[in-house]
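Enquirer: below are the sequence and a predicted model; questions follow.
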Protein chains: 2
Amino acid sequence: MDGYSQQLSVKMFLISTGKMVCVLNEKNAKEFGLLVGDRVELSFKKKKCVAVVDITKESVPENHIGLYREVTDVLGVNGKDQINVKATGNIKSVDFIKKKMRGEKLSEAEIKEIVKDISEERLSEIESVAFVSAVFMRGLDLDETIFMTKALIADGKRLSFSKGPIVDKHSVGGCNGRATMIIVPIVAAAGLYMPKTSSRSITSAAGTADSMEILAPVNLDMAKIKAITKKVGAVICWGGTVDLAPADDKIIKIEHPLSLDPEGQVIASVLAKKASVGSRYVAIDLPVGPYVKIKDKETAMRMAKKFVQVGKEVGIEVEAVITDGEDPSGPAFGAALEAKYALEVLEGKHFDSLAQKSCELAGVLFEMVGVTKAGEGYDKAVEILQSGQALDKMKEIIRAQGGKIFSSEQIPISNLCQDIFSTEDGIIQELNTRELTRIARLAGSPANKYAGLMLNKSRGDKVKKGDLLFTIYSEQKQKLESAQEYATENNPFKFKKMILGTVKFPSVKDTTCKV
Amino acid sequence: MDGYSQQLSVKMFLISTGKMVCVLNEKNAKEFGLLVGDRVELSFKKKKCVAVVDITKESVPENHIGLYREVTDVLGVNGKDQINVKATGNIKSVDFIKKKMRGEKLSEAEIKEIVKDISEERLSEIESVAFVSAVFMRGLDLDETIFMTKALIADGKRLSFSKGPIVDKHSVGGCNGRATMIIVPIVAAAGLYMPKTSSRSITSAAGTADSMEILAPVNLDMAKIKAITKKVGAVICWGGTVDLAPADDKIIKIEHPLSLDPEGQVIASVLAKKASVGSRYVAIDLPVGPYVKIKDKETAMRMAKKFVQVGKEVGIEVEAVITDGEDPSGPAFGAALEAKYALEVLEGKHFDSLAQKSCELAGVLFEMVGVTKAGEGYDKAVEILQSGQALDKMKEIIRAQGGKIFSSEQIPISNLCQDIFSTEDGIIQELNTRELTRIARLAGSPANKYAGLMLNKSRGDKVKKGDLLFTIYSEQKQKLESAQEYATENNPFKFKKMILGTVKFPSVKDTTCKV
């Protein structure tokens, strides 16, 4: 019951759970009037924390309290100590979560309180999941998205630069490619600053951080990010090392198992991270296609507008561009293969749709900041890329981050590989990026950095039976076999068919081919 | 990654978590491509189970897997064993949960699958909470409520009687009182069968199971419930001992911390438990009042109709009655005090609104089953109560359950008590049942069975300053003091005021007194 307190002996569990949890014996829980998921205040000497109650019959004896590492670390107790345990009522955020669940709008103060409690582990898992579910089901309107962005910014650390202008880009739900590794050196070569924090792969074959790590260390702290950006104009590092938005990281962990990605939360999450590194100009890339996150232009347009509006409220000039996401972004899938291919683009070995998209996006940033006049950004980017200035800048970035790979030829490819050939003649109508990603992951991506696949054909190509379609690379025989087996059963290459539907007595068969 | 498997050495954690969870080292998790909340299939010899993944840097060494008691019990492994760990994709229920989150209607098969996976611990906490949140936010329509009821019935154990007719009653969100302890013996005395499973207190001062336990053991297994009901016509036991609806119990545990009670889920939960004990006729009591769960008659009427319709589909004849829930149901709050008062009613010492409500509800059952003609059920119930037949039947029930308390005088009251006196003259306009419950809980209810309070005044009474309003009973000095302090600051007795609002320059003050 609220306010009732008691001294209990600590029983330590030498396990980290990632949560502020304590375990009470059934009898003590009853004495307190506590149920699983209720909250208690624990105090020891001058240290205090709030923990969520779990209840056991046997793991913790009567008049003891089981504590995991997170709690013992905060309180500084060990197995011989006694701590004070006090029942507390619900915290305010729980009422705000209920409010959102009922479909009401949250105020700025309410969203701030929820974000703070998520960040500081005061909410139980049940409460946090309920909040994320509510945001998914009820949505965040424009105001709430702005409040959420501001709350996430206030929650984490913040980088501040004296130099400028600081620019950034972000691609929403793209797939393979690593345009970032081409855009960043182009932009920095023109004298702009771009401290780029990127993610590791969650559901793709590789994240930008995974690919960059092939060339140089990406676990940089705040001081390093600042120093390197000051010196060479840019970094490409992993955003997970720096505590830019701890609440956001926790929300993303909840979203993952249910693959939730509520629009407002995505926008807040992206812009908060940009604001935290001090970005003033941000290009948002919204690829639209059948196998990427955004399936239609209307959704992309709605998100684009929201990005711009929210950006304005948090002091970021955003230009959101909707891009063609129908095809894979370059032929490579997998950390090393994508890094190798991006370097090859910088080395002038290819100028394909990936190179073109990178130059278009760099051009957007040039025009936003005023490096070029309107309409001339793309040309400037192409010039920087083709003159080798972008490659030189990339080498500077790699060196500054402590890397040792400066040329695509230094990146080995795995000997453990399997070619996949066409079993029919025809014209390639579509490549299923989702299946390609799945094959790369079965082959070992993203854990095995040299695993993945390289496409040998693209949309529109005429193919004969026996032609090489793509090659799977792996580091483990078991994984290569399972990738090959899957690829054979689920061919990611769709061939053009002329008959789109057949009518036969008595059934109507409708093959839905896209023309 | 899906399908990828590996042998890992078991590291046992001798703790029960109530969940099927396993802990992987960060490096193995990466190798598998697994994130927190993903699912793996564990197998050892011929035993298999599915567990949700947690990830650690240090608590579990590389190539080991940390297992809590739930999993080691199922697999029959110990710390020297190696088990096979295989990454599995999402289970089907997760798609159904997403479907409900998007606001779509679920089919019977889909709801059945979700309930089965909740019951068998195959859903992670994140997924289960998302489902309960979705049911709260999207609601269950009539069909879905019927499907949910059927799924909950199919999930648990079921009692079957050769004798009949079996009747039951349930009160939705009532408060104190224990009408059940009066209705059951009246109904059984008339020759009907009533195997009543009741709950312990969650948020009230006592549940029926808590009060009955003052008189007799309430932890009865299925065989005992059946045998006693056959012999004396009724039991009053705790529903938690028997596995009537394990999925429902798990859903309720999630609902509690957020105090969620989605209407459809409440109806399904109640009727599934009734069906599980073989009830054919059920009276549902829906109290309406400012301090009980249902605040207005419209909500009560809507729920009443749903109860009747869902009952019909699962073979239960339901009569739902909307009752006056404005006042406390009798003067007692707390397990022993409520048991004592209920026995006094059976002994003919009081005939108040609690006794009247009990007779009205017993009368409803009499008329449903045909014990009396329409319009004569109440009189029959009063006759059985006043003739002492109900008291005799209660003594039989207590004896059959192994109890030793047969008279209200055998129940002691605590010496540790505190009278609360009126600080003003006036007419009592309202008693705040929520505050009274809170005071009883601060005094130690429900953990301390002899704690609670007894009212000395009721609505409409004229009171003088210094008159005794109520007495708080406790078993611990600390708790008595905190209850007294709270009672003084938050008087649960509201006095009638004639001035309802005041207008003064420059502010408008509006005291909202209820007339």
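Expert: Done, it's in. Since the model is a prediction, treat every value here as computed from it, not as a measurement.
Enquirer: which residue packs closest to the residue of the stretch 301-450 of chain A found nearest chain B, ignoring adjacent ones?
Expert: Closest to chain B within the stretch 301-450 of chain A is A:A447: 4.4 Å, counting by C-beta to the nearest C-beta. Backbone N, C-alpha and C define where each C-beta goes, glycine included. Leaving aside its chain neighbours, A:A447 sits nearest to B:K30 (4.4 Å; criterion: C-beta to C-beta, 6 or more residues apart in numbering or on different chains).
Enquirer: number of nearby residues for that neighbour?
Expert: Neighbouring residues of B:K30 were enumerated by other C-beta atoms under 10 Å in any protein chain shown; the total is 16.
Enquirer: isn't A:K393 up against A:A189?
Expert: Yes. The pair A:K393 and A:A189 qualifies as a contact (C-beta atoms under 8 Å) at a distance of 4.2 Å.
Enquirer: so what's the spatially closest residue to A:L8 that is not a sequence neighbour up against?
Expert: Among residues not flanking A:L8 along the chain, A:I65 sits closest, at 4.2 Å (C-beta to C-beta, 6+ apart). By C-beta atoms under 8 Å, 6 or more residues apart in numbering or on different chains, the residues touching A:I65 are A:L8, A:S9, A:V10, A:K11, A:C22, A:V23, A:L24, A:N28, A:L42, A:I83, A:V85.
Enquirer: just the residues you listed: which are in strands?
Expert: Judged by DSSP state E, those include A:L8, A:S9, A:V10, A:K11, A:C22, A:V23, A:L24, A:L42, A:I83, A:V85 as members of strands.
Enquirer: among those residues, which ones are buried?
Expert: Buried members of these, scored by 16 or more other C-beta atoms under 10 Å in any protein chain shown, are A:L8, A:V10, A:K11, A:C22, A:V23, A:L24, A:L42, A:I83, A:V85.
Enquirer: returning to what we had before: the residue nearest to A:A447: which element?
Expert: Assessed by DSSP states H and E, B:K30 sits inside helix B:26-32.
Enquirer: just checking, what packs against that helix?
Expert: strand B:5-12, strand B:47-56 (3 or more C-beta pairs under 8 Å, 6 or more residues apart in numbering or on different chains; DSSP states H and E).
Enquirer: okay if I get those as JSON lines plus mean pLDDT?
Expert: Shown next, in JSON lines, are the helices and strands packed on helix B:26-32 (pLDDT from 0 to 100):
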{"stretch": "strand B:5-12", "mean pLDDT": "92"}
{"stretch": "strand B:47-56", "mean pLDDT": "88"}
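Enquirer: correct me, but A:L453 touches A:L436?
Expert: Yes. A:L453 lies in contact with A:L436 (C-beta under 8 Å); the separation is 6.6 Å.
Enquirer: was I right to think the residue of the stretch 301-450 of chain A closest to chain B contacts B:N28?
Expert: No. With contact defined as C-beta under 8 Å, A:A447 does not reach B:N28; the gap is 9.4 Å.
Enquirer: how about the most centrally placed residue in chain A, nearest residue that isn't a chain neighbour?
Expert: Nearest to the mean C-alpha position of chain A, counting by C-alpha atoms, centre = their mean, stands A:S199 at 4.9 Å. Leaving aside its chain neighbours, A:S199 sits nearest to A:G207 (4.7 Å; criterion: C-beta to C-beta, 6+ apart).
Enquirer: same question, A:K250
Expert: A:K250's closest residue in space is A:I118 (C-beta to C-beta, 6+ apart), at 5.5 Å.
Enquirer: which helix or which strand is home to that neighbour?
Expert: helix A:108-119.
Enquirer: I'd like the average pLDDT over that helix.
Expert: In this model, helix A:108-119 carries a mean pLDDT of 95.
Enquirer: check contacts around the residue of the stretch 251-400 of chain A found nearest chain B.
Expert: Taking C-beta to the nearest C-beta, chain B has its nearest neighbour within the stretch 251-400 of chain A at A:P257, 3.4 Å off. A:P257 is in contact with B:L35, B:V36, B:G37, B:D38, B:V94, B:S124, B:I126, B:E127, counting by C-beta under 8 Å, 6+ apart.
Enquirer: before we move on, the earlier item: can you put the buried ones among the ones in strands among the contacts of A:I65 in a markdown table and add distance to B:Q476?
Expert: Formatted as a markdown table, these follow (distance: C-beta to C-beta, whole Å):
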| residue | distance to B:Q476 |
| --- | --- |
| A:L8 | 16 |
| A:V10 | 23 |
| A:K11 | 24 |
| A:C22 | 22 |
| A:V23 | 24 |
| A:L24 | 18 |
| A:L42 | 21 |
| A:I83 | 20 |
| A:V85 | 15 |
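Enquirer: pick the one among those closest to chain B.
Expert: A:V23 (7.6 Å).
Enquirer: pretty sure A:A189 is touching A:L391, no?
Expert: No. A:A189 is beyond contact range of A:L391, at 9.1 Å (criterion: C-beta under 8 Å).
Enquirer: got a list of what A:E347 touches?
Expert: By C-beta under 8 Å, 6+ apart, the residues touching A:E347 are A:L391, A:S407, A:S408.
Enquirer: cutoff 7 Å now
Expert: By C-beta atoms under 7 Å, 6 or more residues apart in numbering or on different chains, the residues touching A:E347 are A:L391, A:S408.
Enquirer: A:K99 now?
Expert: Neighbour list for A:K99: A:L106 [criterion: C-beta under 7 Å, 6+ apart].
Enquirer: does it count as helix, strand or coil?
Expert: Of the three states, A:K99 takes helix according to DSSP: H, G, I helix; E, B strand; the rest coil.
Enquirer: so where is chain A shaky, pLDDT-wise?
Expert: Chain A contains residues with pLDDT under 70 at A:1-3, A:501, A:505-515.
Enquirer: which helix or strand lies directly C-terminal to the helix holding A:I118?
Expert: Past helix A:108-119, the next helix or strand by DSSP H and E is helix A:125-138.
Enquirer: near chain B, which residues of the stretch 1-150 of chain A show up?
Expert: By C-beta under 7 Å from any C-beta of the partner chain, the residues of the stretch 1-150 of chain A that approach chain B are A:1, A:3-4, A:13-16, A:30-31, A:33, A:35-38, A:56, A:58-59, A:94, A:98, A:101, A:124-127, A:129-130, A:133-134, A:136-138.
Enquirer: helix, strand or coil: sort out the residue lying closest to A:K494 once chain neighbours are set aside for me.
Expert: Closest residue in space to A:K494, ignoring its immediate chain neighbours: A:E430 at 4.2 Å, by C-beta to C-beta, 6+ apart. Three-state assignment for A:E430 (three-state DSSP): strand.
Enquirer: count the neighbours of A:E430 for me.
Expert: When neighbours are counted by other C-beta under 10 Å, A:E430 comes out with 17.
Enquirer: same question for A:Y193.
Expert: Neighbourhood size, A:Y193 [other C-beta under 10 Å]: 23.
Enquirer: elements contacting the helix holding A:I118?
Expert: helix A:92-101, helix A:142-155, helix A:246-255 (3 or more C-beta pairs under 7 Å, 6 or more residues apart in numbering or on different chains; DSSP states H and E).
Enquirer: let's have those in JSON lines, adding distance to A:V310.
Expert: Listed next are those as JSON lines, based on distance: least, C-beta to C-beta, whole Å:
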{"stretch": "helix A:92-101", "distance to A:V310": "18"}
{"stretch": "helix A:142-155", "distance to A:V310": "5"}
{"stretch": "helix A:246-255", "distance to A:V310": "14"}
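Enquirer: pretty sure A:M454 is touching A:G334, no?
Expert: No. Counting by C-beta atoms under 7 Å, A:M454 stays clear of A:G334, with 8.4 Å between them.
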